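[1] Any chance you can model this:
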Amino acid sequence: MAKYKAIPQGFMTVGEVAKKMGVTVRTLQYYDKEELLSPSSESKGGRRLYTNKDLVTLHQIISLKSLGFSLGDIKQRLISLESPTDFANVLTKQADSIREKIEHLTASLTAIEQLKKEVLQMQTVNFKKYADIIVNLQMKNGSYYLIKRFDDDTLDHIRNRFDKESGLNFMDRFNRLSDEIIELQKASVSPESEKCQRVVKEYWGLIMEFTNGDMSMLPKLMEIGNIDTATNAWEERQKIVNDYLEPALQIYFSRLGTNPFEEIQ
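    Numbering: from 1, shown residues only. From the prediction side, this is the model:
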């Protein structure tokens with residue numbers, strides 16, 4: 001005589017569901033306890049029974065959990081399955097969540113590859129710089145290449161001078177001004193022109209803002225800005241800016257009657 005009566009057609013035991021869906025019986029019992037997924041029926045012998053609809057709901061749970069959602073979040077996201085439209089909505093939401101996850105993972109992979117490249121180029125172990133590069137990669141600051149060119153004193157100055165918001169704001173203004181300078185260079189605008197000198201004045205103002213008026217930092221900035229051979233897109237762009245600005249700055253300082261770079265030498 002069988003220990004249990006036959007399971008009605010269309011129903012499954014907790015063990016069968018666990019085997020089909022690749023989860024443990026304990027997991028299903030926990031979901032039942034948390035009222036996330038309770039069996040749809042119970043046999044005359046008291047066995048908890050699941051249906052194919054329960055399997056689809058379990059698939060929702062497993063998919064959302066794999067995307068990093070907590071059980072509390074999942075409970076709020078579960079969609080009732082009463083019509084083909086409901087099921088289609090489940091698949092749409094899962095697809096959207098997967099796309100978001102792919103975008104996040106792609107960004108993480110890009111950051112890891114960029115960090116690996118920078119670490120190998122630096123040649124020496126410097127965890128302080130590694131941390132700065134990671135932070136800037138997370139902020140999607142495309143100018144993170146600069147970090148490996150800074151010495152520790154300059155990096156300490158930056159950390160003390162700027163927080164995340166003000167740092168990104170500064171780099172945004174610096175990059176927009178660099179774009180304007182490149183456009184002037186492409187248009188062959190003369191360094192003596194009023195338009196060029198206005199941009200040079202603004203550029204020098206950014207340098208003073210960066211140094212907070214500390215002229216002793218200028219030699220370091222000159223060394224950092226000295227790019228003989230560009231190794232990446234940012235350096236190629238900055239080299240164009242530097243080459244165009246050098247004579248324009250000389251004219252600017254000449255008109256001011258002073259040259260701060262000569263004074264500190």
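[2] can you pull the alpha-carbon coordinates of the host helix or strand of N169 into CSV?
    Per DSSP states H and E, N169 falls inside helix 164-186. The C-alpha coordinates for helix 164-186 follow below in CSV (Å, rounded to 0.1, in the frame of the first residue of the first chain):
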residue,chain,number,x,y,z
LYS,A,164,32.9,65.0,-5.6
GLU,A,165,30.4,67.7,-6.7
SER,A,166,32.8,70.6,-7.0
GLY,A,167,35.4,68.3,-8.7
LEU,A,168,33.0,67.2,-11.4
ASN,A,169,31.9,70.8,-11.8
PHE,A,170,35.4,72.0,-12.3
MET,A,171,36.3,69.2,-14.8
ASP,A,172,33.1,70.0,-16.7
ARG,A,173,34.1,73.6,-17.1
PHE,A,174,37.6,72.7,-17.9
ASN,A,175,36.5,70.3,-20.6
ARG,A,176,34.0,72.7,-22.1
LEU,A,177,36.7,75.4,-22.3
SER,A,178,39.1,72.9,-23.8
ASP,A,179,36.4,72.1,-26.5
GLU,A,180,36.2,75.9,-27.2
ILE,A,181,40.0,76.2,-27.5
ILE,A,182,40.1,73.2,-29.9
GLU,A,183,37.5,74.9,-32.1
LEU,A,184,39.6,78.1,-32.1
GLN,A,185,42.6,76.1,-33.2
LYS,A,186,40.6,74.4,-36.0
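[3] Counting by contacts, list what that helix packs against.
    helix 194-211, helix 233-256 (3 or more C-beta pairs under 8 Å, 6 or more residues apart in numbering; DSSP states H and E). Using the backbone N, CA and C atoms, a C-beta is placed for each residue, glycine as well.
[4] I98 reaches L67, doesn't it?
    Yes - counting by C-beta atoms under 8 Å, I98 touches L67, with 6.9 Å between them.
[5] where along the chain do the helices fall?
    14-21, 25-33, 52-66, 71-77, 84-122, 127-138, 152-161, 164-186, 194-211, 218-225, 233-256, 260-263 (DSSP state H).
[6] Buried residues in the third one, which are they?
    Along helix 52-66, these residues count as buried under the neighbour rule (16 or more other C-beta atoms under 10 Å): 54, 57-58, 60-61, 63-64.
[7] mind listing what Q250 touches?
    The neighbourhood of Q250, defined by C-beta atoms under 8 Å, 6 or more residues apart in numbering, consists of N259.
[8] and the gap between it and L256?
    Distance, Q250 to L256, by C-beta to C-beta, to the nearest Å: 11 Å.
[9] repeat for V200
    Separation of V200 from L256 (C-beta to C-beta): 11 Å.
[10] rank the helices of the chain by pLDDT, which is bottom?
    With a mean of 53, helix 127-138 has the lowest mean pLDDT of the helices of the chain.
[11] ok, back up a step: between V200 and L256, who's got more neighbours?
    Shown here are V200 and L256; by other C-beta atoms under 10 Å, V200 has more neighbours (22 against 11).
[12] pretty sure that one contacts Y252?
    Yes - here V200 reaches Y252: they are 4.7 Å apart, a contact under C-beta under 8 Å.
[13] any idea of the angle the helix holding N169 forms with helix 194-211?
    With axes from the mean of the first three to the mean of the last three C-alpha atoms, to 10 degrees defining the directions, helix 164-186 sits at 150 degrees from helix 194-211.
[14] can you count the residues close to the closest residue to N226 other than its chain neighbours?
    Closest residue to N226 in three dimensions, ignoring its sequence neighbours and counting by C-beta to C-beta, 6 or more residues apart in numbering: N242, at 7.9 Å. By other C-beta under 10 Å, the residues close to N242 number 17.
[15] I'd like the distance from stretch 199-211 to the chain centre, please.
    With C-alpha atoms, centre = their mean, to the nearest Å as the basis, stretch 199-211 stands 29 Å off its chain's centre.
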